[in-house]
Every structure is written in structure tokens, then in C-alpha cells.
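In: Here is the input, now give the coordinates:
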Amino acid sequence: MIMSVLTHKTIQLPFRLAAISILLTLVFLLRPLTAQDITVQLPEQARITAEQAVQLAVANNPDIKRALLSIENADEQVRIAWSEVLPTVSSSATYTRNIEIPVNFVPAQVFDPNAPAGELIPLQFGTDNNWQGGVTVSQNIFRGEAIVGISSSSLFKSAQEESLRNVAQQVITAARKGFHAVLIAKEQLRLQKAVIDRLRSNLRENRARLREGLIEEYDVLRLEVQLANEEPQLKDAELGVQEAYRSLNEIMGLPVDTPLEAVGSLSSFNLLRNGDSQNENESLYRLTAATPLPDLERQEVIDMMRNQRGDLRVLDVQNDLKDREILAIKSRFLPTISADYNLQWTAAQPGTPRPFENSVRFQTLVLNVSLPLFTGFERRANLNIAQIEKRDIEVQTWASEKTAMNEYETTSDRLTNLRETADSRQFAVEEAKRGLEIALRRYENGVGSQLEVTEAELQVREAELNYASLVADYLNTKADFDLALGLVPMIDETDYEF
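Out: Here you go, the predicted structure:
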């Protein structure tokens with residue numbers, strides 16, 4: 001199976017069918033980032049299989065790009081958390097020029113004991129030039145929130161990585177279902193074209209028979225009316241194919257008008273296929289068989305979901321993250337201890353400035369201990385809020401597991417039902433085709449009517465469309481089943497390098 005490599009710098013997807021490549025350079029959000037500049041190589045004639053559609057979606061989908069950017073953001077959050085426990089070093093330098101030396105008033109008795117009490121005299125203090133500079137180092141010795149923040153930041157990154165897995169699972173499933181939507185739209189168009197072609201052929205033959213007097217004019221008129229009713233549906237089918245391709249291109253992160261040709265045919269897809277014969281549906285077969293239907297007990301299903309489903313894994317990490325937040329809030333009740341070291345130089349000169357000439361050095365070491373005694377009810381309220389949010393996450397987890405189990409049981413039952421009805425749908429197609437052959441022979445031999453032929457053609461179209469719809473329903477249900485268990489194909493075959 002083709003491996004795709006997804007990195008935060010460049011993404012390249014080699015395809016086996018690439019003989020003549022069509023290069024598309026796509027620029028996503030945040031244009032300056034190299035993570036948004038992607039070169040994608042499409043196969044010859046832009047023919048694309050289901051697996052290649054998944055690979056393109058994983059490489060280009062904007063939701064995955066955003067999840068990758070969230071992981072890069074988490075890396076920076078880890079660095080911020082470490083900065084809280086690392087020392088802070090700062091330096092400063094100050095120069096003061098006294099244009100007029102400051103004057104202070106002092107008691108006159110300082111200089112003249114005989115001076116009257118209360119008499120003040122002006123006295124200048126200072127020099128023309130004053131210099132001061134130094135270095136300050138601050139270090140947190142104990143701060144509970146900072147210590148807890150380091151482990152919390154790592155958990156936050158884990159949460160973003162699990163979120164990426166969840167997004168990738170959703171995108172892969174959407175790409176599969178989008179590809180199936182294209183195939184069913186193509187099948188509807190093919191069948192509608194077949195109906196139009198048969199009606200036009202019958203109309204030509206009946207007009208010839210009318211000229212020979214073998215049939216009545218009403219038989220020709222009825223075919224003309226039927227053809228006029230069917231032709232608008234052909235245009236609707238063509239628009240349906242275009243819409244399906246646009247939706248698929250959007251999921252794959254390509255321009256919506258990118259010309260593609262989806263490889264596969266629902267009418268020839270065998271749900272009960274055995275063997276490994278190569279055909280146009282081989283990619284669909286591989287994706288469908290990548291995760292066989294497991295026979296598990298209920299608890300085994302729940303355990304598998306917890307281990308594989310991205311949304312449940314995200315909730316599990318969020319629960320651990322909330323525990324860390326509660327611990328960080330509790331640490332606010334503890335004292336905070338820090339130390340500051342200052343190394344300073346000071347100098348003063350009269351007249352012409354001479355930086356730090358005759359400077360004097362001094363040092364200080366300060367130990368700070370802070371213990372908040374009362375801050376209102378904020379700390380206790382924050383603790384209660386965090387504990388409530390933790391219980392909310394537990395409720396979300398419980399509800400998500402219930403929803404996941406419901407999805408598993410629903411899709412499992414539906415897959416079983418679709419496989420059991422596949423034979424009858426195939427039999428209906430074969431019998432409808434046989435009935436059309438009989439109706440045509442009867443009509444050619446003059447013992448049947450045009451109405452019989454028309455009804456037989458409608459039955460063939462209905463039977464073929466019903467089978468194609470069953471196959472599309474099966475493939476979509478299988479994609480939902482894989483998502484319900486968390487066993488999405490190709491999710492673990494993509495290397496994420498952050």
C-alpha cells in the first residue's frame with residue numbers, strides 16, 4: 001500500500017501511476033509559513049483511486065493543517081512553561097546629567113550651633129554626572145504552578161496530537177465517503193445515459209416501422225414523450241457528478257475545479273468478492289478489507305474504542321490535563337519562594353562626563369517568601385470550577401462512549417443486513433436484464449408491445465441503480481464502522497514529523 005509522508009515543512013505524495021505529472025501548487029492559510037506551501041503530484045490523466053483520494057486529503061485538508069499548527073503552538077507552550085522555572089537575567093544602565101545640582105534645605109544649626117532654631121539654609125547635594133548600571137538575576141526557588149505547568153504543557157501537546165489523530169480519522173472517513181458519492185453519481189449518470197440511448201434507438205426503429213405501417217403513430221408518440229421526460233434527468237445527473245467532484249476536491253484540499261477521474265465502478269463491485277484479481281475496484285477492495293469485521297465482546301469493543309478512537313483519546317488526555325490544573329490551583333495555597341541577586345556599579349564625576357570613572361561596585365542577595373493569607377474566595381472558587389469541569393469531562397467521556405457504542409452496533413447490524421441482501425440485489429439485476437431481452441424479442445416478433453419494452457427498461461434501470469446504491473451504502477457504512485471503532489485505514493501508515 002502506498003505510504004504518504006506528512007511533515008510541517010513539505011508534503012510529497014508519490015503515485016505509482018505517475019507517468020505524466022500535473023503539478024499543482026496550493027497556497028493555504030497563513031501564507032508566510034512554509035507549512036502552507038504544498039506541491040502535489042497527480043497521476044496520469046488525473047485518474048485517482050480511493051486510496052490516492054485519502055492520501056491527498058491527509059496531505060492537504062485544511063483541518064489537518066490547522067491541527068498541525070496547533071501542535072507547533074503546543075511546542076511553544078512547553079517552552080513558555082519551562083521559562084517559569086529558569087532564571088531571569090536582566091541588565092540596566094542609567095546616566096543622569098544634572099544641569100543644575102539639586103538643592104535641599106537643612107537646619108542652619110548643623111553648620112552654626114548659634115543659629116536660631118527652625119532656620120533652614122539651602123545646600124547643594126550631588127555632582128554633574130551620575131552613572132549607575134548592573135545585572136539582576138531572578139530565580140523562582142519554589143512556585144507550585146510553575147512546577148505543575150511543565151508537566152501540564154507536555155500533556156497539552158499530547159492533547160493536540162490526539163486531536164490531530166481525531167481530525168485525521170474524520171478527514172479520511174470524509175474522503176472515502178466523498179469518493180463513494182462520486183461513484184454513485186457517475187453510476188446514476190451512466191444509467192441515465194443508457195436509458196436515453198435505448199429510448200433514442202427504439203424511437204428510430206419505431207419511426208421506421210411506422211413508415212412501413214407495422215405500428216401505430218401512438219407508439220411513436222409515447223416514446224417521444226418518454227424521451228422528453230428523461231432528457232432533463234440526464235442534465236440533473238451531469239450536474240450531480242460535477243457537484244460530487246467539487247465536494248471531493250474540497251475534502252482533498254484541491255481547487256474545486258480540478259479535473260479528476262475517479263477510478264471505480266459500483267455496478268461491478270462484488271460485496272462477497274473472493275480472490276485478488278486486479279480490476280478498477282481494487283483500491284476500494286483494499287480499503288474495505290483493511291479493517292475486517294471483528295467478533296468482539298462488548299467490553300472488548302469499548303476497550304478498543306478507548307485505545308483507537310481519536311475523540312475518546314482526546315477526552316482521556318483532557319481529563320489528565322484537568323487533574324494537573326486542579327493540582328496547580330491547589331499549589332496557590334502554598335508559599336512562593338524566589339531569590340534576586342543584584343550586581344551594581346555606581347559612579348559620579350563633576351565637569352566633563354567620563355563613563356564609570358572611579359566607579360564603585362556593590363552586590364545584594366534578596367530572598368523573597370510570599371504566602372497569601374486571604375484573597376477573598378477566588379482560590380477556592382477556581383478550585384471548585386476546575387473540579388466541576390473535570391466532572392463535566394467525565395460525563396462527556398461517558399456520553400461519547402455510549403454514542404460510539406451505538407454507532408458500532410448500528411453500523412455492524414447494517415453491514416450484516418447489506419451483505420445478506422447483496423445476492424438478491426444482484427439476482428434482481430440479472431433477472432431484469434433477462435426480462436428486457438425477452439420483451440425485446442416479443443416486440444420484434446410482433447407478439448409484445450412497446451409498453452412491455454418500456455417497463456422492462458425501467459426495471460433494468462431500477463435494479464441496477466438499487467444495486468449501485470446498496471454498494472455505496474455498504475461502503476459508506478463500512479467507513480462509518482471503521483470510524484466507530486477507531487480502526488480507520490491508513491491512519492497509522494502516515495508519518496507525522498513535527
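In: alpha carbons only for contacts and neighbour counts from here, please
Out: Will do.
In: So which residues of the stretch 351-498 of the chain form helices?
Out: Listed in chain order, the helices of the stretch 351-498 of the chain (DSSP state H, counting those that start in this stretch) span 378-444, 450-485.
In: Could I get the buried residue list for stretch 232-250?
Out: 233-234, 237-238, 240-250 (16 or more other Cα atoms under 10 Å).
In: ok, the residues you listed vs residue 258, which is closest?
Out: Distance to residue 258, by Cα to Cα, is smallest for residue 249 among the buried residues of stretch 232-250, at 7.1 Å.
In: from memory the closest one sits against residue 259, does it?
Out: No. Applying Cα atoms under 8 Å as the test, residue 249 and residue 259 come out as separate, 9.2 Å apart.
In: Next one: residue 391 from residue 311, what distance?
Out: Note on residue 391: its distance to residue 311, by Cα to Cα, to the nearest Å, is 17 Å.
In: Comparing those two, which residue is more hemmed in?
Out: Neighbour count, other Cα atoms under 10 Å: between residue 391 and residue 311, residue 311 has more, with 23 against 14.
In: so who does that one touch?
Out: In this structure, residue 311 makes contact with 162, 163, 166, judged by Cα atoms under 8 Å, 6 or more residues apart in numbering.
In: For those, could you give me TSV that also reports neighbour count and pLDDT?
Out: Below are the contacts of residue 311 laid out as TSV (neighbours: other Cα atoms under 10 Å; pLDDT from 0 to 100):
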residue	neighbour count	pLDDT
162	23	90
163	24	91
166	23	92
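In: Now, the residues you listed that are in strands?
Out: Among the contacts of residue 311, DSSP state E puts none in strands.
In: Give me the buried positions along stretch 425-443.
Out: Along stretch 425-443, these residues count as buried under the neighbour rule (16+ other Cα under 10 Å): 425-426, 428-429, 432-433, 435-436, 438-440, 442-443.
In: right, and the pair among these with maximum separation?
Out: Among the buried residues of stretch 425-443, 425 and 443 lie farthest apart (Cα to Cα), at 26.8 Å.
In: Quick check: residue 327 touching residue 148?
Out: Yes. With contacts counted by Cα under 8 Å, residue 327 reaches residue 148, the gap being 7.2 Å.
In: can you map out the helices along the stretch 1-150 of the chain?
Out: Under DSSP H, counting those that start in this stretch, the stretch 1-150 of the chain gives helices at 50-60, 62-83, 144-211.
In: got the buried residues for the second one?
Out: In terms of neighbour count (16+ other Cα under 10 Å), helix 62-83 has its buried residues at 62-65, 67-71, 74-75, 77-78, 81-82.
In: avg pLDDT for that helix?
Out: Mean per-residue pLDDT for helix 62-83: 89.
In: just the angle between it and helix 144-211, please?
Out: 180 degrees (axes from the mean of the first three to the mean of the last three Cα atoms, to 10 degrees).
In: Helix 62-83 - contacts with which helices or strands?
Out: Here helix 62-83 touches helix 144-211, going by 3 or more Cα pairs under 8 Å, 6 or more residues apart in numbering; DSSP states H and E.
In: And the helix it packs on, what does it pack against?
Out: helix 50-60, helix 62-83, helix 217-252, strand 261-262, helix 310-330, helix 450-485.
In: Which of these sits closest to residue 349?
Out: helix 62-83 (40.2 Å).
In: Leaving out chain neighbours, which residue sits closest to residue 256?
Out: The spatially closest residue to residue 256, leaving aside those adjacent along the chain, is residue 246, at 4.7 Å (Cα to Cα, 6 or more residues apart in numbering).
In: doesn't residue 260 make contact with that neighbour?
Out: No. Between residue 246 and residue 260 there is no contact under Cα under 8 Å: 9.8 Å.
In: Now do the shared contacts for the two.
Out: By Cα under 8 Å, 6+ apart, no residue touches both residue 246 and residue 260.
In: Mean pLDDT per helix and strand in this protein: which one sits at the bottom?
Out: strand 22-27 (a mean of 28; mean pLDDT, DSSP states H and E).
In: in the stretch 251-400 of the chain, which ranges drop under the pLDDT threshold?
Out: Applying pLDDT under 70 to the stretch 251-400 of the chain picks out residues 273-278.
In: same thing but 80
Out: 272-278, 291-296 (pLDDT under 80).
In: likewise the stretch 101-250 of the chain?
Out: 109-110, 112, 124-126, 214-215.
In: What is the burial count for residue 104?
Out: 11.
In: and it, how far is that from residue 125?
Out: From residue 104 to residue 125 the distance is 7 Å (Cα to Cα).
In: Look at residue 211 and say how many residues are nearby.
Out: There are 11 residues near residue 211, going by other Cα under 10 Å.
In: Now do the contacts for it.
Out: Contacts of residue 211 (Cα under 8 Å, 6+ apart): none.
In: Same question for residue 61.
Out: 171, 250, 251, 252, 253.
In: Looking at these, spot the one nearest residue 143.
Out: Nearest to residue 143 among these: residue 171, at 42.2 Å, using Cα to Cα.
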